[in-house]
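Q: The sequence isn't on hand, but the structure is:
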């Protein structure tokens, strides 16, 4: 509350400073509450940051615990116009094939015209499988025809109006370019001028066979030949330029520029660097959590200008929950598996409590016995995932519960601070009223003194 400006009216007292001093003394309990709320909120923020890191570790560890997490392969192609990529389940090996054709969509153009011959325009599309779709435009305008065709999902065709010179009278001519929405033989279509009934009875005109019209590209599947020239020769087709079933877990894609009869070799090999990264990332993720806990548990020492030394604890200093999380995660990563130490595959604990990853040792173990290394990593990552999930679960994780409890405590402290705001405001108003009344009383007494002094002076003069 602002000062009423009553300083020194009669008494000469600095009542504002006096009231502020009294209020500072009375506000000590509120200050203590504010400090507790600040410390509590700092802890909440720190715990939330830790919880996010632990949750990320749980996700990472779960992926690493998959029984095929180290079955990472890479695919290469002998041709620059053919690319290969691996997915889960790819097995090292090699495949030779010959490119026959690339996939393409059907495309055709109508004869040139200024407007559609009929009003409203009606077209009927017949798909490669015999499906019939009738499309009717709002008018004979070519723009309306294009709009109607493109609005029909069932037709499976995209239309474009293309300028095609002028007629004898100088009017601009246009063609409709019609292209199937998907590539491959299944994207083939016929387009007729007229209704579906007219198509059925044979009276509808095929727009792409009229004079001046043309089929620019025929619908075509991509195809490759396996084991060409042998008794086992086999042709494999795809509606797109991507083949996903030539090899397990391998996707082969032909570029539009791929040449027919080109011989291609696709080689799939184990990607040891990627496999190593799975284990390395797990160690890095765990170290991130352990380091954060250690940093926020450390105390700092400072010296004041007067030479006084003070020690301040970190946000996690003395916190049993964070200490337990650290211990459980460390134990999950370092405990032996079937009597074998994780250090046998390059994962070991250091004297500082963090972990280190020896890539060379891991690669050696992987080359010697891939199945054993996979089994050990699956067990390790599974244990870490369980410990991390137990701490960070959004419903009943140990960290989650502590955060919720601390948030409730901070809210209660802030509510108490608000109550003290009202109490202190009322107290300040009371003090200001008291000192204002004092000044008024002193002023009245001073007036009486002046009157009495004048009366006594008058009596003395009269005598």
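A: Noted; the coordinates are in hand. The structure displayed is predicted, hence computed values, not measured ones.
Q: And the strands in the stretch 51-200 of the chain, which stretches?
A: 73-77, 82-86, 93-101, 107-109, 122-127, 132-136, 157-166, 172-180, 189-193 (DSSP state E, counting those that start in this stretch).
Q: how about those, which one is nearest residue 208?
A: Comparison of the strands of the stretch 51-200 of the chain against residue 208 by Cβ to Cβ identifies strand 107-109 as nearest, at 4.2 Å. Using the backbone N, CA and C atoms, a C-beta is placed for each residue, glycine as well.
Q: ok, back up a step: please tabulate the strands of the stretch 51-200 of the chain in CSV, including the columns distance to residue 320, mean neighbour count and mean pLDDT.
A: As requested, these are exported to CSV (distance: least, Cβ to Cβ, whole Å; neighbours: other Cβ atoms under 10 Å; pLDDT from 0 to 100):
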stretch, distance to residue 320, mean neighbour count, mean pLDDT
strand 73-77, 46, 18, 95
strand 82-86, 46, 19, 95
strand 93-101, 54, 17, 95
strand 107-109, 71, 21, 98
strand 122-127, 69, 22, 97
strand 132-136, 70, 18, 97
strand 157-166, 66, 15, 96
strand 172-180, 67, 19, 97
strand 189-193, 71, 22, 97
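Q: Looking at those, which is nearest to residue 349?
A: With Cβ to Cβ as the criterion, residue 349 lies closest to strand 73-77 of the strands of the stretch 51-200 of the chain, at 31.2 Å.
Q: how much does that closest one deviate in direction from strand 82-86?
A: Between strand 73-77 and strand 82-86, the angle comes out at 170 degrees (axes from the mean of the first three to the mean of the last three Cα atoms, to 10 degrees).
Q: what's strand 73-77 packed up against?
A: Secondary-structure packing of strand 73-77 (3 or more Cβ pairs under 8 Å, 6 or more residues apart in numbering; DSSP states H and E): strand 82-86, strand 263-270.
Q: From the contact counts, what lies against the longest one?
A: In terms of contacts (3+ Cβ pairs under 8 Å, 6+ apart), strand 263-270 is packed against strand 73-77, strand 82-86, strand 93-101, strand 242-247, strand 250-254.
Q: Name the next helix or strand downstream of it, please.
A: Where DSSP states H and E defines the elements, the next helix or strand beyond strand 263-270 is helix 272-297.
Q: re earlier: so for residue 204, which of the helices and strands packed on strand 73-77 sits nearest?
A: Shortest distance between residue 204 and those, using Cβ to Cβ, is found for strand 82-86: 42.5 Å.
Q: on that earlier part again, adding distance to residue 119, write the helices and strands packed on strand 73-77 out as JSON lines.
A: Putting those into JSON lines (distance: least, Cβ to Cβ, whole Å) gives the following:
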{"stretch": "strand 82-86", "distance to residue 119": "50"}
{"stretch": "strand 263-270", "distance to residue 119": "53"}
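Q: residues contacting residue 346?
A: Shown in contact with residue 346 (Cβ atoms under 8 Å, 6 or more residues apart in numbering): 279, 357-362, 365.
Q: I'd like to know which of those is nearest to residue 330.
A: Among these, and counting by Cβ to Cβ, the member closest to residue 330 is residue 357, at 15.0 Å.
Q: where does the chain have low pLDDT?
A: 1-13, 462-463 (pLDDT under 70).
Q: In it, where's the longest helix?
A: helix 398-462 (DSSP state H).
Q: same for that helix, what does it pack against?
A: On a contact count with 3+ Cβ pairs under 8 Å, 6+ apart, helix 398-462 meets helix 15-26, helix 28-64, helix 320-334, helix 370-392.
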